[in-house]
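> would you be able to build a 3D model of this:
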Amino acid sequence: MPEDELLDALRGLGADHEPDVAAIRRRMEEKRPKVVPLRRRVDDAPRKRPVLLSAAAALLIGGGVTAAVSQMGPAGNQTPSSIPVTVPTFVSPEPSVSADPSPSVENTREKEKTPDGASASSSPATPRSEGSEKENPATASSSSPSGPQNPAADDEATSTQAGISVQALNSGQALTLGDADEDWLAIGVRNDLKTVRKKASDANPLLNFTAPPSAASVDGPFSLSWSGGKPEQDRANTTRWLQTDGAVVTVTASSAARTVTLYTGNLMNVVVSGEDLKQQRAELGGTAMGYKVTVTIPSHSGETTIDLESGRGPVHLLAATASTS
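Alright, predicted model coming up:
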């Protein structure tokens, strides 16, 4: 059907204000046999594919005629005519704006990184305010697994502690080492600086002693006697003792408590330490020429170290004894 005849038919329909859609379709069916099939036009011009809209329809809305017209691409060099059509205006409802902004790219990525798939940010239904976090600063720690909150306090609770007592010695006081002591050492009494040990304890000693090469044997304020020693068996009333910048007395490990007695000079420090043993320290004053320092060592694992440190003067040491409680 030529376009001019189709347009005339549509104009006639619009002029008659025909409200019956079925009647409109019957009139169009009368003209349909004369319409050239659409497929033939596509085959003739494959690069100029016509655009076909829905069949023409006319409806009366508010006394006006709304017509949907099929438009076809130009056939050959003909220019299509235009048909004025009244189209009702529909006002689309404004989209409601959500109070919560859309999740950003950063939030989405954070959600993907979370192991359980939950978003790292707070849910809009349960917002977390900055003020609420400040009110409960210890929430994370209260939910943490139970364990020592203070490592230093825990160490002190599990460690044992040695006891130190100090007694002043009188100048010229005489000391004797013998069988009454389980183990003993006479220190600084020989010119070759060899330490004399109790011979009976030589195989299984309780005490050991070390001093730097700068140590020397000098005259002291006390006298010392011993019997049953090694490498020197006996001696009486020697007044020599050791002078050094520092020395170490080591007490061997034992499942039982030990008591160690040191006969020292003044103005020096005594520090007791060991595995699972809380460190103890005693500072010796200058009111006496020397002191009897008794160290009570509780049962613990490992050796016990007694460091003799210089204080306001050099370290002086005469003898050491040990016994098991």
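> against residue 322, how distant is residue 234?
According to C-beta to C-beta, to the nearest Å, residue 234 and residue 322 sit 21 Å apart. Every residue, glycine included, has its C-beta placed from N, CA and C.
> let me fix that, I meant to ask about residue 222.
19 Å.
> same question, residue 298
Applying C-beta to C-beta, the value for residue 298 to residue 322 is 14 Å.
> compare these two (neighbour count), which wins?
residue 322 (24 against 16; other C-beta atoms under 10 Å).
> where does the nearest residue to residue 228 once chain neighbours are set aside fall, phi/psi-wise?
Leaving aside its sequence neighbours, residue 228 sits nearest to residue 199 (C-beta to C-beta, 6 or more residues apart in numbering; 5.4 Å). Residue 199 adopts backbone torsions of phi -60, psi -40, taken as degrees, to the nearest 10.
> what sits against residue 199?
228, 229, 230, 233 (C-beta atoms under 8 Å, 6 or more residues apart in numbering).
> residue 12 - that's part of a strand, no?
No - looking at residue 12 with DSSP: H, G, I helix; E, B strand; the rest coil, it is helix, so not inside a strand.
> how near is it to residue 264?
As judged by C-beta to C-beta, residue 12 and residue 264 stand 134 Å apart.
> so which of the two has more stuff around it?
residue 264 (23 against 11).
> please verify my assumption that that one contacts residue 290.
Yes - contact criterion C-beta atoms under 8 Å: residue 264 and residue 290 qualify, at 6.0 Å.
> highest neighbour count among the contacts of residue 199?
When neighbours are counted by other C-beta under 10 Å, residue 229 leads the contacts of residue 199 with 22 neighbours.
> for the closest residue to it other than its chain neighbours, give me its contacts.
Leaving aside its chain neighbours, residue 229 sits nearest to residue 196 (4.4 Å; criterion: C-beta to C-beta, 6+ apart). For residue 196, the contact set (C-beta under 8 Å, 6+ apart) comprises 185, 186, 189, 190, 226, 229, 230, 231, 232, 235.
> Serialize the residues you listed to JSON lines and add fields for pLDDT.
Below are the contacts of residue 196 laid out as JSON lines (pLDDT from 0 to 100):
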{"residue": "185", "pLDDT": "98"}
{"residue": "186", "pLDDT": "98"}
{"residue": "189", "pLDDT": "97"}
{"residue": "190", "pLDDT": "97"}
{"residue": "226", "pLDDT": "98"}
{"residue": "229", "pLDDT": "97"}
{"residue": "230", "pLDDT": "96"}
{"residue": "231", "pLDDT": "97"}
{"residue": "232", "pLDDT": "97"}
{"residue": "235", "pLDDT": "97"}
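> in helices only, show me the residues you listed.
Among these, none falls in helices (DSSP state H).
> with respect to residue 273, which of those is nearest?
residue 185 (19.7 Å; C-beta to C-beta).
> just give me the neighbour total for the closest one.
27.
> beta partners of it?
With DSSP bridges as the criterion, residue 185 is bridged to residue 197, residue 320.
> who touches the helix or strand harbouring residue 263?
Residue 263 is part of strand 258-264, with elements assigned from DSSP states H and E. Residues outside strand 258-264 that contact it (C-beta under 8 Å, 6+ apart): 169, 175, 206-207, 222, 249, 251, 270, 284, 290-297, 304, 306, 308, 315-325.
> of these, which belong to strands?
169, 175, 207, 222, 249, 251, 270, 290-297, 304, 306, 308, 315-324 (DSSP state E).
> quickly list the domain ranges of this protein.
Here the domain assignment for the chain is 3-68, 160-324, based on automatic domain parsing.
> winner for burial among these?
domain 160-324 (a mean of 17; mean count of other C-beta atoms under 10 Å).
> mind listing the helices for the protein?
Under DSSP H, the chain gives helices at 3-16, 21-31, 38-44, 105-113, 130-135, 139-142, 151-158.
> lowest average pLDDT across these?
Note on the helices of the chain: helix 139-142 shows the lowest mean pLDDT, a mean of 33.
> how about the contacts made by the residue lying closest to residue 316 once chain neighbours are set aside?
With sequence-adjacent residues excluded and distances taken as C-beta to C-beta, 6+ apart, residue 316 is closest to residue 265, at 2.7 Å. By C-beta under 8 Å, 6+ apart, the residues touching residue 265 are 220, 241, 284, 289, 290, 291, 313, 314, 315, 316, 317.
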